[in-house]
Each structure stands twice: as C-alpha cells, then as structure tokens.
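Q: Here's my sequence, what's the structure:
(one chain, ligands or ions: 2)
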Amino acid sequence: MTELPARRLLLVHAHPDDESINNGATMAKYVAEGAHVTLVTCTLGERGEVIPAELRHLEGAALGAYRRGELDAALTELGVEDVRVLGYQDSGMMGLPDNDDPAVFWQAGLDEAAGALADVMVEVRPQVVVAYDDNGGYGHPDHIQAHRIAMRAVELAEGRGHRVDKVYWNRMPRSVVEDAFARLAEELPGLPFGKSADIADLPGVVPDERITTAVDGTAYAAAKAAAMRAHATQITVAGEYFALSNDLAQPLFTTEYYELVRGSAEPGESDLFAGVEVAS
Ligand SMILES: CC(=O)N[C@H]1[C@@H](O[C@@H]2[C@H](O)[C@H](O)[C@@H](O)[C@H](O)[C@H]2O)O[C@H](CO)[C@@H](O)[C@@H]1O
Ligand SMILES: [Zn+2]
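A: Residues are numbered from 1 along each chain as shown. Ligands and ions are numbered 1, 2, ... in the order given. Prediction:
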C-alpha cells in the first residue's frame, strides 16, 4: 500500500453536494497543500429533487447514479481523489413516509454503519475528522445519522488502534451570516432566484463564540463554485450566492467555519491540523 501523506483529513457527508457546500474550499486547500483528503458520502441522494427541467426525468430510480457522476465531477474540481460511498439509501426529508423504508440510511443500525466508517478510519488513519453537529446542521435524517455514525466511528476506531486527534463540526458564526444576508438583500434583485432564504434555514449557525476555527479558502473560491456547479441537479450558483431546488438564495461562503468538539484548539486557529503532531 502506498504511503499516505503525513496530514490526513476525513469528512463525513450525507449526500452528494453537501461536501462542496460545507467544505469545498477547505478540501481544495488541504489537497493543494499536500494533505490527504478522504470524503465519505453515506448515500447517493436518490430521493432528491432535480432543478434543471431538461434533467427532471432523472428524478427517481436514475438519480442516484447520476448524482454519483456529479460527485466525481465536483471532486475533480477540488482535487479530491479518495471518495468512499457507504451505499445507504437517501431517507428523504424528515417526517416523510420514506424515512420508514427499511433500506434507508435513517433506519440503518448505528454500529453497522459506524463500523463501515470505522473501517475507513482505521485504513486511512486521519488525524482530523469533520462531521455535522447533532442536528445534522438542519435536521435532515441523513445528516443526523451521518453525525451519529461519525461520532460512533471515532470511538470504534480508537478501540481498533487509531485515535483521531481532532473532531470538528461544521458551523457558521451568526454575525458573519447576518452580514452576508444583509448584502444578499441588497443584491437579490440582480440575482436569478425567487427570494432569499432565511438565516434559520442555514445549517449550523451558532453564536460567534462557539467558532474555534476559520479556514480561509478565498484562494479556492473558484474551485468551490465549480464543484457546487457540478451538482447541477441540486444547486444553482450565481456569483457569490447559490440556491438549492427551493430557489431560496443564500451566500456562498469561501471562509469555512468549524467548532472543535474533540481535541484542543489554539485560540483563533485557522488550520484544522493546528497542534497535531504530524510525522514529517
Ligand atoms: C443540501 C441537502 O442536504 N439536500 C438534500 C435534501 O434536498 C432538499 C429537499 O429536496 C427539499 O425538499 C428541497 O426543498 C430542498 O431545496 C433540497 O435541498 O433532501 C433530499 C432528499 O433527502 C436529498 O437528496 C438532498 O441531497
Ligand atoms: Zn445533504
């Protein structure tokens, strides 16, 4: 097996598109700096809606395979080469009957799914893991389940000989979000979206003091936007804004924010690997 780079980051996401929305700039930055980035995507988003009219025929059985292609195209834009799809079925939005389908991720056994994720962690041995918060950011069952298996897999991996040094949750500082939405309100008339999302619609918004780490991905803004555009069934990008199939405009952030929930953070850190002893 070829020797992996000294710094190794693993991110856990629910559907194709989440990785680019939440961490596109972070992944592009660390790949460019020589770190090994592993993306684990739990489902292929089979129950998603499709934005472009010319692709709407894909909704249903064909969508999962198509979104896998979108994921590969997005990761090419970011330079990420290590992607693992766990193969669970998209559970649909919270409260839908789809949630009760035995094949969906929401119904997966925690230790079974976390065990599969721990296998990847024991293989790759990441020093840093990024996951959603305990609400999955915005309460989608697949996002909540992705959070649960990520936190459980860190425990299982430690029992199998690999201790993850730092675990972060994806976050957004409230003041940054409020400022960005104030700018969006001014620019909305010139954008191709119906109206603005509400701050409450954004995942992981917390008081600024909860933020431990801000990764400046400004240099990778174009790569992040290109990766998001690759998910054309799910995302429409217009300048510094985007919308999902709900056509609600929201800011496209290129500084990406995190809250450290395991390990020790340096005050105002800007590097997910800060304080980690990395073999040279
Ligand atoms: C970003 C994300 O997690 N998208 C999920 C989500 O998609 C949303 C859903 O279709 C909702 O009904 C729309 O209003 C919203 O615009 C969509 O972003 O849920 C899908 C079904 O589980 C999932 O495939 C998609 O990746
Ligand atoms: Zn998602």
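
Q: Only C-alpha atoms from now on, for both contacts and neighbour counts.
A: OK.

Q: Could you pick out the residues of the stretch 101-250 of the chain near ligand 1 for me?
A: Contact residues, the stretch 101-250 of the chain versus ligand 1 (CA under 6 Å from any ligand atom): Leu244, Ser245, Asn246.

Q: And these, which is closest to ligand 2?
A: Within these, proximity to ligand 2 (CA to the ion) peaks at Leu244, which comes in at 10.8 Å.

Q: And the residue lying closest to the closest one once chain neighbours are set aside, how close does it get to Tyr168?
A: Counting by CA to CA, 6 or more residues apart in numbering, Leu244 lies nearest to Ile235, which is 4.7 Å off, once chain neighbours are set aside. Applying CA to CA, to the nearest Å, the value for Ile235 to Tyr168 is 25 Å.

Q: swap in Pro207?
A: 16 Å.

Q: repeat for Gly115
A: On the measure of CA to CA, Gly115 and Tyr168 end up 20 Å apart.

Q: Same check on Glu186?
A: In terms of CA to CA, Glu186 sits 33 Å off from Tyr168.

Q: So for the two, which sits in the more crowded spot?
A: Counted by other CA atoms under 10 Å, Glu186 and Tyr168 do not tie: Tyr168 has more neighbours, with 22 against 9.

Q: So which bits of this structure are right by ligand 2?
A: Contacts of the chain with ligand 2, taken as CA under 5 Å from the ion, map to Ala14, His15.

Q: 8 Å instead?
A: By the rule CA under 8 Å from the ion, the part of the chain lying against ligand 2 is His13, Ala14, His15, Pro16, Asp17, Asp18, Gly45, His140, Asp142, His143.

Q: Nearest to Ala150 among those?
A: Using CA to CA, His13 comes nearest to Ala150 of the residues of the chain next to ligand 2, at 9.3 Å.

Q: Test my guess that Val154 contacts Asp165.
A: No - between Val154 and Asp165 there is no contact under CA atoms under 8 Å: 9.8 Å.

Q: Compare those two (neighbour count), which wins?
A: Neighbour count, other CA under 10 Å: between Val154 and Asp165, Val154 has more, with 24 against 17.
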